[in-house]
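Enquirer: Structure of the sequence below:
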Amino acid sequence: MNLEKITETEYPDLQEYVSMEPTHRAARTILFDAYEMFQEDTNENFFSPSVHNANIPEKEHELARGMFLLLAEKYSSEDITAFSVELGEYQSKFEIFNAGIFISAMINVHFKKTQSQKEYRIITSHLEKAIDNIGILNCGAKIRVDGDVGRNLGAKMKSGTITVEGNAGVLVGSSMHGGTISVRNAGNCLGLSLHGGAIHVSGSSGKFIGENMQYGTIFLDGTYERSNISKDFRNGEIIFQGKRISLYDLTEDGL
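Expert: Now for the predicted structure:
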């Protein structure tokens, strides 16, 4: 797929921004104009109601990534933070269900182009509804979220860190391959199909922990119920307050 070609043909209006001076004011104009275009080309149909199906919107992420290949040097990590803050006003005018995909693509392209060691800070505490798909396909960026997040946090991430100063919805770290995710409380299906990396939960977790988990480590530092570990937990490690939970522990004879 030629993402640059997609950008030129589908979003010709973005071309005028390529020669724009990279000021904060210009960056916010660019990002919100791009987001409105992205809104027009996406809808809610790709979300699955099933808690056991991550349904990671990779196609939509690639669409947004194609837009940012031209714009990566026109915005900074501070502009990404400002974008998340200004979503508070935007949510009264438009549905922002896909903002997480957009923000994730924004971060991924910027990090790959700049290799920025700065922390990408996202503010969600002021939003009426938690944003899904934050940090999907993370390729090394350091992301911090102030507030709650929705489903698919850090799905398919390869490296980097995601720290959420709040609660996360279902499917934290689904199909994750590397990196570290830290949250306070997590919803159902924590670490679904986990292939690597580490997930830390300081509070409580929902049901089906480690379902179809292959590798990686889940740290449960808060409350834990044996029945919450999925019967389809296959491999990897689940650590509860420093103690490794074995497959034997999950049987009727265990614990």
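
Enquirer: Quick check: residue 164 touching residue 131?
Expert: No. Counting by C-beta atoms under 8 Å, residue 164 does not reach residue 131; the two are 11.3 Å apart. The way it works is simple: take the backbone N, C-alpha and C, and place the C-beta from them, glycine included.

Enquirer: Need the residues touching each of these two.
Expert: residue 149 (C-beta atoms under 8 Å, 6 or more residues apart in numbering).

Enquirer: So, low pLDDT: which residues of the stretch 1-150 of the chain?
Expert: 1-28, 42-54, 70-73, 93-95 (pLDDT under 70).

Enquirer: can you map out the helices along it?
Expert: Applying DSSP state H, counting those that start in this stretch to the stretch 1-150 of the chain gives helices spanning 3-10, 24-40, 58-68, 77-90, 99-114.

Enquirer: Tell me which of the ones you listed lies nearest to residue 147.
Expert: Set against residue 147 and scored by C-beta to C-beta, those come closest in helix 77-90, at 9.1 Å.

Enquirer: got the CA coordinates for the closest one in PDB?
Expert: Written as PDB, here are the backbone C-alpha positions of helix 77-90 (Å, rounded to 0.1, in the frame of the first residue of the first chain):
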ATOM      1  CA  SER A  77       4.800  16.100  21.400                       C
ATOM      2  CA  GLU A  78       3.400  19.200  23.000                       C
ATOM      3  CA  ASP A  79       1.000  19.700  20.100                       C
ATOM      4  CA  ILE A  80      -0.300  16.100  20.600                       C
ATOM      5  CA  THR A  81      -1.000  17.000  24.300                       C
ATOM      6  CA  ALA A  82      -2.800  20.200  23.200                       C
ATOM      7  CA  PHE A  83      -4.800  18.200  20.700                       C
ATOM      8  CA  SER A  84      -6.000  15.800  23.400                       C
ATOM      9  CA  VAL A  85      -7.000  18.800  25.600                       C
ATOM     10  CA  GLU A  86      -8.900  20.500  22.900                       C
ATOM     11  CA  LEU A  87     -10.900  17.400  22.200                       C
ATOM     12  CA  GLY A  88     -12.900  18.500  25.200                       C
ATOM     13  CA  GLU A  89     -14.500  21.200  23.100                       C
ATOM     14  CA  TYR A  90     -14.600  19.100  20.000                       C
END
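
Enquirer: Name the residues of it that come out as buried.
Expert: For helix 77-90, a neighbour-count test (16 or more other C-beta atoms under 10 Å) marks 77, 79-85, 87, 90 as buried.

Enquirer: what do you get for stretch 174-185?
Expert: 174-185.

Enquirer: cool, and stretch 90-110?
Expert: 90-91, 96-110.

Enquirer: follow-up on the earlier one: which one of the helices of the stretch 1-150 of the chain lies closest to residue 123?
Expert: helix 77-90 (4.8 Å).

Enquirer: Which strands or helices does that closest one pack on?
Expert: Packing partners of helix 77-90 (3 or more C-beta pairs under 8 Å, 6 or more residues apart in numbering; DSSP states H and E): helix 24-40, helix 99-114, strand 119-123.

Enquirer: Give me the residues contacting that helix.
Expert: 24, 27-28, 31-32, 35, 96, 99, 103, 106-107, 110, 116, 118-124, 126-127.

Enquirer: filter these to the buried ones?
Expert: For these, buried by 16+ other C-beta under 10 Å: 27-28, 31, 35, 96, 99, 103, 106-107, 110, 116, 120-124, 127.

Enquirer: any idea how far residue 84 lies from residue 166?
Expert: Noted for residue 84: a distance of 13 Å to residue 166, by C-beta to C-beta, to the nearest Å.

Enquirer: and for those two, which residues touch both?
Expert: Here residue 84 and residue 166 share the contacting residues residue 124, scored by C-beta under 8 Å, 6+ apart.

Enquirer: So which residues of the stretch 151-255 of the chain form strands?
Expert: For the stretch 151-255 of the chain, the strands defined by DSSP state E, counting those that start in this stretch occupy 159-165, 180-183, 198-201, 217-220, 237-240, 243-245.
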